[in-house]
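Asker: requesting a structural model of the entry that follows:
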Amino acid sequence: MHRCAACGQENPEIARFCLACGSPLAAGSARPDTERRVVSVIFVDLVGFTARAERLDPEDVHAILTPYHECVRREIESFGGVVEKFIGDAVMAVFGAPTAFGDDAERAMRAALAVRDSVREMNESDAQLDLQLRIAVNTGEALVSLRTRPELGESMVAGDVVNTASRLQQAAPVNGILVGEETYATTRDAIAFEPAPPVIAKGKTAPLATWLALQAATPVGERRLSARPLVGRVRELDALRGIWERTVEERRPHLVTVLGEVGVGKTRLGVEFGGLVGELEGRTVRGRSLPYRDGSAYGAFATQLKQLCHIFESDSVEVGLEKLRGTVASLLGADAHAVADHLAILLGLDAEGSVADRETLFFSVRGFIEAVASEQPTVLVFEDLHWADASLLDLVDMLAARLRDVPIFLLVLARPELLDSRPAWGGGLPSYTALPLQPLAGHEARELATQLLTQLPLDQLEARAALFAETAEGNPLFIEQLAATLTESSAELGASLPTTVRGIVAARLDALPAAERTVLLDAAVQGKVFWRGGLERMTDDGSQLSGLLAALERRDLVRRERVSAIEGDEQYVFKHVLIRDVAYDLLPRARRQERHEQCARFLEEATAEIGEAGAALARHWRDAGDRVRALDYLVAAGEQAERGWAKDHAVELYREALALVPEEDEERRVAIRRRLAVAHQATFHMLDARLLGRGGGGEA
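Answerer: Numbers count the residues shown, from 1 in each chain. This is a model prediction of the structure:
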């Protein structure tokens, strides 16, 4: 059966289009059955309920468990989690599968806190209830079955991460949330924790380090900004300042959209610009669109409106209405009553009121904002607008088009996905600027990495900073996460990517259409550089590849190169090595082996099997499970490297070959060791020769 990537409907093998929604069922476009993913698993269990249930009538047990299950499911799903199973009074849920959102561990933690608080509220509202919980959250790699149906009780996730989560839940204190090491490391900037005693778990060789979650440390969607000086962004700040000064001087509203990938520094740029505006006697008001649990269509603007009216979340409806009406009256005078009524509806402070049409509502918003800007030049910052409801996008678009003769600056911070939903965003406006925020330049990225690695010895600092800057390709968040991983674990870069980085990249891949995503994962097996010919070996329908590769290039994930190392074939390169690494990590072993064999056969047909091609062939055959072929190619590549006086490269190749020699083949092991020793000795002689050459040729 073919499962439709668009709606999930199962279709017979001969179907070319989905029987339910009509979407094309292209060959090779379906996602694989299983993938390796970093997930966060949450276990929730009632304390002592089994013993209590023995004394209750079955209908009474059902009456208690049903609202409890509904409460837990509601909270978990509101944060994007998937409830995999109910086992009596225990609940297991997964975050990060089948779709990653980039902040899955944080979502799991916020869901756990929400479950704890909601069950406490259930107890407070019903004197007969006394539900006590133990909750655990654990993060790690798992094998995920993407086509399972959890609603039917089918298991989706397998791996030690699940077993460990179960053990942590059993050890959690009553009404406490116990988490494992990876969950703590990934979420400690967003959640407040305190250390907990290590847990001795069945099947574990060492006690498990654990922490107890207390409460959220930051609002939803926000990340603590670094206190370090801003690196780079001088041109962008100058551009924003220039637009702001013209806006104030000419009293001409202006919309600026800063577009950039996650972690590139949009929020930090907005904060720095807000500081400049304050120095120039302006006012900055922020509002953020949330990826989950945002019940208002106008959430970001509602936040701004509350700030302007000094309304707090803790205020009662009556107090909020009083503050709203007072602020509107002070700004608008005669028109205040109608405008305040309309804004109260938008804020949810008037559940009974209504407005004739949206145009009337938007007109009231426009009148209020013009009055605000007339009082003081104002910047309205709309953060993460790519997550906004269509109604908020329409509102921002209206404000940009219709505000007149006031110093108002609309600053939108968004990822490029905003243009997927609104391709013509900003088009036709007389005062609009799009400001793409690119990764840091090479020297700027190295400067940031140097600031973050001050604990390293000076003789290592420069090289490590350059390595981190190159690996992160100028993304400030990635540089910070790589540096934090090294600082805390002393692990060498390359052993594994930080969970935060993997999650962010995986979320971007999960947002791709199924056919594009499949091509990208297949391309990752070839390496950072790949060829269309290699992809054609992996699909039954190569006619779609041109369009799919063009789409991936348009999304700035891959780039076609002008010159190809294989004559007559199209050569591509991943835009970011981290994209390639995360895509490769998603593939399960069996699929990796199959794809590596297809890559090897492609290279055998398309190349002369020498030089770099020989080494690549060796590694593809090794990862395909054919150690004999891999060994032959490695030895051949090492011999060629020796002949070309690339002795250090030959040493590396011979070492790889030695690891593949069967234990019983002592003769070949000795032969390769001999070659390795010769190449190794030659490497030292070459180094001596270079040092002598730098010394000016010695004495006469």
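Asker: just the CA atoms of the helix or strand containing Arg502, as PDB, please.
Answerer: For Arg502, the element it lies in under DSSP states H and E is helix 499-510. The C-alpha atoms that make up helix 499-510 are tabulated as PDB, following Å, rounded to 0.1, in the frame of the first residue of the first chain:
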ATOM      1  CA  THR A 499      20.600  18.100  20.200                       C
ATOM      2  CA  THR A 500      19.500  21.700  19.800                       C
ATOM      3  CA  VAL A 501      21.200  22.000  16.400                       C
ATOM      4  CA  ARG A 502      20.000  18.600  15.200                       C
ATOM      5  CA  GLY A 503      16.500  19.500  16.200                       C
ATOM      6  CA  ILE A 504      16.500  22.900  14.400                       C
ATOM      7  CA  VAL A 505      17.800  21.400  11.200                       C
ATOM      8  CA  ALA A 506      15.500  18.300  11.400                       C
ATOM      9  CA  ALA A 507      12.500  20.600  11.800                       C
ATOM     10  CA  ARG A 508      13.500  22.400   8.600                       C
ATOM     11  CA  LEU A 509      13.700  19.100   6.800                       C
ATOM     12  CA  ASP A 510      10.400  17.900   8.200                       C
END
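Asker: going C-terminal from that helix, what's the next secondary structure element?
Answerer: Downstream of helix 499-510 (by DSSP H and E), the next one is helix 514-526.
Asker: just the helices in the stretch 201-350 of the chain please.
Answerer: Shown for the stretch 201-350 of the chain, the helices assigned by DSSP state H, counting those that start in this stretch span residues 234-250, 266-279, 299-308, 317-332, 336-347.
Asker: can you add mean pLDDT and mean neighbour count and give the ones you listed back as TSV?
Answerer: Where C-beta positions appear, they are placed from N, C-alpha and C, glycine not excepted. Shown next, in TSV, are these (pLDDT from 0 to 100; neighbours: other Cβ atoms under 10 Å):
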stretch	mean pLDDT	mean neighbour count
helix 234-250	96	16
helix 266-279	95	18
helix 299-308	94	21
helix 317-332	94	17
helix 336-347	92	20
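Asker: so for Phe478, which of those sits nearest?
Answerer: helix 266-279 (14.1 Å; Cβ to Cβ).
Asker: contacts only, for the spatially most central residue of the chain.
Answerer: Geometric centre of the chain, nearest residue: Ile504, 1.5 Å, by Cα atoms, centre = their mean. Going by Cβ atoms under 8 Å, 6 or more residues apart in numbering, Ile504 touches 102, 262-263, 477.
Asker: hmm, 7 Å instead?
Answerer: 102, 262-263 (Cβ atoms under 7 Å, 6 or more residues apart in numbering).
Asker: quick check: it vs Val264, distance?
Answerer: 11 Å (Cβ to Cβ, to the nearest Å).
Asker: out of the contacts of Ile504, which comes closest to Glu639?
Answerer: Nearest to Glu639 among those, with distances taken as Cβ to Cβ, is Gly263, at 44.2 Å.
Asker: now the closest one: how far from Gly287?
Answerer: 21 Å.
Asker: check Gly274 too.
Answerer: 13 Å.
Asker: over to Ala615?
Answerer: Applying Cβ to Cβ to Ala615 and Gly287 gives a distance of 53 Å.
Asker: next: Ala356.
Answerer: Counting by Cβ to Cβ - Ala356 and Gly287 are separated by 26 Å.
Asker: comparing those two, which residue is more hemmed in?
Answerer: Gly287 (22 against 8; other Cβ atoms under 10 Å).
Asker: look up how far Gly221 lies from the residue nearest to that one when sequence neighbours are not counted.
Answerer: Closest residue to Gly287 apart from its sequence neighbours, by Cβ to Cβ, 6 or more residues apart in numbering: Ala300 at 3.4 Å. Counting by Cβ to Cβ, the gap from Ala300 to Gly221 is 10 Å.
Asker: give me the common contacts of those two.
Answerer: In contact with both Ala300 and Gly221: Arg288, using Cβ under 7 Å, 6+ apart.
Asker: picking that back up, would TSV of the helices of the stretch 201-350 of the chain with distance to Phe368 be doable?
Answerer: As requested, the helices of the stretch 201-350 of the chain are exported to TSV (distance: least, Cβ to Cβ, whole Å):
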stretch	distance to Phe368
helix 234-250	19
helix 266-279	20
helix 299-308	8
helix 317-332	7
helix 336-347	6
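Asker: to Arg508, which of the ones you listed lies closest?
Answerer: Per Cβ to Cβ, nearest to Arg508 of the helices of the stretch 201-350 of the chain: helix 266-279, 15.3 Å.
Asker: ok and the closest one relative to helix 234-250, angle-wise?
Answerer: 40 degrees (axes from the mean of the first three to the mean of the last three Cα atoms, to 10 degrees).
Asker: from the contact counts, what lies against helix 266-279?
Answerer: Helix 266-279 is packed against helix 234-250, strand 283-288, strand 378-383, strand 408-414, with contacts defined by 3 or more Cβ pairs under 7 Å, 6 or more residues apart in numbering; DSSP states H and E.
Asker: same thing but at 8 Å, please
Answerer: helix 234-250, strand 254-259, strand 283-288, strand 378-383, strand 408-414 (3 or more Cβ pairs under 8 Å, 6 or more residues apart in numbering; DSSP states H and E).
Asker: from the chain's centroid, how far away is it?
Answerer: Offset of helix 266-279 from its chain centre (Cα atoms, centre = their mean, to the nearest Å): 24 Å.
Asker: got a list of contacts for it?
Answerer: Applying Cβ under 8 Å, 6+ apart, the set of residues contacting helix 266-279 is 223, 225-226, 230, 233, 236-237, 240-241, 244, 258, 260, 283-284, 286, 377, 379, 381, 383, 409, 411, 413-414, 437, 476.
Asker: same check on stretch 390-398?
Answerer: 255, 289, 297-301, 358, 362, 365-366, 382, 385, 388, 410, 412, 421-422, 425.
Asker: Pro98 and Arg293, how far apart?
Answerer: 20 Å.
Asker: so where's the stretch 1-150 of the chain uncertain?
Answerer: Within the stretch 1-150 of the chain, the stretches with pLDDT under 70 are 1-10, 13-14, 16, 21, 23-32, 50-54, 150.
Asker: thinking again about what came up before, write the ChimeraX selection for whichever of the contacts of Ile504 are buried.
Answerer: The following ChimeraX line selects those of those that are buried, judged by 16 or more other Cβ atoms under 10 Å:
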select :102,262,263
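Asker: Leu403: which of the contacts of Ile504 is nearest?
Answerer: Scanning these for proximity to Leu403, where the rule is Cβ to Cβ, the winner is Val262, at 30.0 Å.
Asker: which residues touch the closest one?
Answerer: Going by Cβ under 8 Å, 6+ apart, the list of residues near Val262 reads 102, 415, 477, 504, 508.
Asker: give me the number of residues near Thr66?
Answerer: Thr66: 10 neighbours (other Cβ under 10 Å).
Asker: now distance to Ser314 too, for the contacts of Val262, in a markdown table please.
Answerer: Listed next are the contacts of Val262 as a markdown table, based on distance: Cβ to Cβ, whole Å:
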| residue | distance to Ser314 |
| --- | --- |
| Gly102 | 30 |
| Arg415 | 32 |
| Leu477 | 32 |
| Ile504 | 33 |
| Arg508 | 37 |
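Asker: other SSEs contacting the host helix or strand of Tyr572?
Answerer: Element membership for Tyr572 (DSSP H and E) is strand 571-574. Counting contacts by 3+ Cβ pairs under 8 Å, 6+ apart, strand 571-574 packs against helix 514-526, strand 529-531, strand 558-560.
Asker: what is the orientation angle of the helix or strand just after it with helix 514-526?
Answerer: Scanning forward in sequence from strand 571-574 by DSSP H and E, the next helix or strand is helix 577-586. Helix 577-586 runs at 100 degrees relative to helix 514-526, counting by the same axes, to 10 degrees.
Asker: who does the helix or strand just after helix 577-586 touch, helix- and strand-wise?
Answerer: Next in sequence after helix 577-586, counting helices and strands by DSSP H and E, comes helix 589-606. For helix 589-606, the packing partners by 3+ Cβ pairs under 8 Å, 6+ apart come out as helix 514-526, helix 532-536, helix 611-623.
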